[in-house]
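# Pasted the sequence and its predicted model underneath.
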Amino acid sequence: MPELPEVETVVRDLRAHGLENSVIRDVQVRWARTVSGCSPARLASRLRGRKIDSLSRRGKYIILSFDDGRHLQIHLRMTGKFRFAVRDEVPGKHDHVIITLADGRRLFFNDTRKFGRFRLVDSAEEGLEALGPEPLDDSFRENLFRRRMEGRTRMIKPLLLDQTLVAGLGNIYVDESLWRAGIHPERCANTLTNIEIRCLYQAIREVLRRAVENCGTTLGTGQANFYSVAGRRGRNADALAVFRRTGLPCPRCAHTIIRVVVGQRGTHLCPSCQK
DNA sequence: AGTCTTGTTCGACT
DNA sequence: CAGTCGAACAAGAC
């Protein structure tokens, strides 16, 4: 599923395809609920003729910034994908938005589960005020992480998933970060020692950095998996220590990885490394 | 055929 | 208010 590294990969791929500085000729919305905040017709009329000045990412959001000062926030949720149509390709069942560029290329937004969302806003951060800091930014320091964790009584896994402490983590990278730091996902945040917080801070950064280097995680072959633009698979699956590795040996201590449910989410951990 | 999965939001609780 | 829990959304995988 697209988490920070996968969304970053998509943004970089779209840039590599020259989306920056291209002009939108038309936007066709085939599943109306993909657009939130305004009608599909209004979205299309506001985007027609606009030049895309830049592409960026905030948490798991892709942000297109236009020459009129507006911004399009796109969330892929679980199965959203972009690809450029080949020649006269006819859109399929799950191609919900088609962005036609002035040069004739067509960018298809494909989303089997229809949870992906497009929202046009007046400032890039509008509606995203609650998002926590970017974990890979230089300004995200151990002290900031520690301060934001102070007084939080929730279990550490749901806390890391909720996007307000730190932005961009999802089920895969939370499980991986907690394993790397040797912390049990059900530990309450306010019981973590300073040393554990430091370990977790470093683990989050290292796990995410490596996943970005590997262009994200693609598990298996189903369409629910992550594919970047042009159907590119991520290479990070081999770097995973625990996620979807139930029954396999822990890479650190060889004990068997188990799967439990924490906060209604499937959770993978090493019972020996994470007490 | 039925269950599970996934990210986020929302409403009803405690 | 802080946090928890379940529902909702949708459809493919198994």
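Received, thanks. Numbering: from 1, shown residues only, chains lettered A, B, ... in the order given.
# Next, give phi and psi for the closest residue to A:V23 other than its chain neighbours.
In space, and not counting its chain neighbours, A:V23 is closest to A:A102: 4.0 Å by Cβ to Cβ, 6 or more residues apart in numbering. The way it works is simple: take the backbone N, C-alpha and C, and place the C-beta from them, glycine included. As for A:A102, its main-chain torsions (degrees, to the nearest 10) stand at phi -60, psi -30.
# so A:A102 sits right up against A:R25, yeah?
Yes. Counting by Cβ atoms under 8 Å, A:A102 touches A:R25, with 5.0 Å between them.
# Could you tell me which residues of chain A lie near DNA strand C?
A:33, A:78, A:93-94, A:112-115, A:151-155, A:158, A:220, A:222-224, A:263-264 (Cβ under 7 Å from any atom of the strand).
# tell me the contacts of the residue nearest to A:V23?
A:S22, A:V23, A:I24, A:R25 (Cβ atoms under 8 Å, 6 or more residues apart in numbering).
# let's see it at 7 Å
Counting by Cβ atoms under 7 Å, 6 or more residues apart in numbering, A:A102 touches A:S22, A:V23, A:R25.
# A:R180 too?
Taking Cβ under 7 Å, 6+ apart as the test, what A:R180 contacts is A:A203, A:E206, A:V207.
# Could you confirm whether stretch A:46-63 reaches DNA strand B?
Yes. Residues of stretch A:46-63 contacting DNA strand B under Cβ under 7 Å from any atom of the strand: A:G59, A:K60.
# Any chance you could list what contacts that stretch?
Counting by Cβ under 7 Å, 6+ apart, A:2-4, A:7-8, A:10-11, A:14-15, A:19-24, A:26-27, A:64-68, A:70-71, A:73-75, A:120, A:124, A:128, A:131, A:163, A:167-168 sit against stretch A:46-63.
# circling back to that earlier point, what distance do you get for the residue nearest to A:V23 to A:R46?
16 Å (Cβ to Cβ, to the nearest Å).
# just A:Q223 next, same as before
A:Q223 sits 31 Å away from A:R46, going by Cβ to Cβ.
# what about A:T267, how many neighbours?
22 (other Cβ atoms under 10 Å).
# Am I right that it is in contact with A:T246?
No. Using Cβ atoms under 7 Å, A:T267 is not in contact with A:T246; the gap is 10.3 Å.
# Now the common contact residues for the two.
With contacts taken as Cβ under 7 Å, 6+ apart, A:T267 and A:T246 have A:R259 as neighbours in common.
# Residue of the stretch 51-200 of chain A nearest DNA strand B, please.
A:G170 (3.0 Å; Cβ to the nearest atom of the strand).
# which stretches of the stretch 1-150 of chain A form strands?
Using DSSP state E, counting those that start in this stretch, the strands of the stretch 1-150 of chain A run over A:24-29, A:35-36, A:52-58, A:61-66, A:71-75, A:80-84, A:95-101, A:106-111, A:117-121.
# A:A181: which of these is closest?
strand A:52-58 (24.5 Å; Cβ to Cβ).
# quick one: contacts for the residue lying closest to the residue of the stretch 51-200 of chain A closest to DNA strand B once chain neighbours are set aside?
In space, A:G170 comes closest to A:E3 once its chain neighbours are excluded; the distance is 3.6 Å by Cβ to Cβ, 6+ apart. By Cβ under 7 Å, 6+ apart, the contact set of A:E3 is A:K60, A:G168, A:L169, A:G170, A:I172, A:Y173.
# Please enumerate the helices of the stretch 101-250 of chain A.
A:142-149, A:156-161, A:171-181, A:194-213 (DSSP state H, counting those that start in this stretch).
# So the last one, near DNA strand B or not?
No. Using Cβ under 7 Å from any atom of the strand, helix A:194-213 stays clear of DNA strand B, coming no nearer than 12.8 Å.
# what sits up against that helix?
Residues contacting helix A:194-213 (Cβ under 7 Å, 6+ apart): A:4-5, A:8, A:135-136, A:142, A:145-146, A:149, A:166, A:173, A:176-177, A:180-183, A:217, A:236, A:239.
# Which of the residues you listed are buried, as a ChimeraX select command?
Provided next is the ChimeraX selection string for whichever of the contacts of helix A:194-213 are buried by 16 or more other Cβ atoms under 10 Å:
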select /A:4,5,8,135,145,149,166,173,176,177,180,181,182,183,217,236
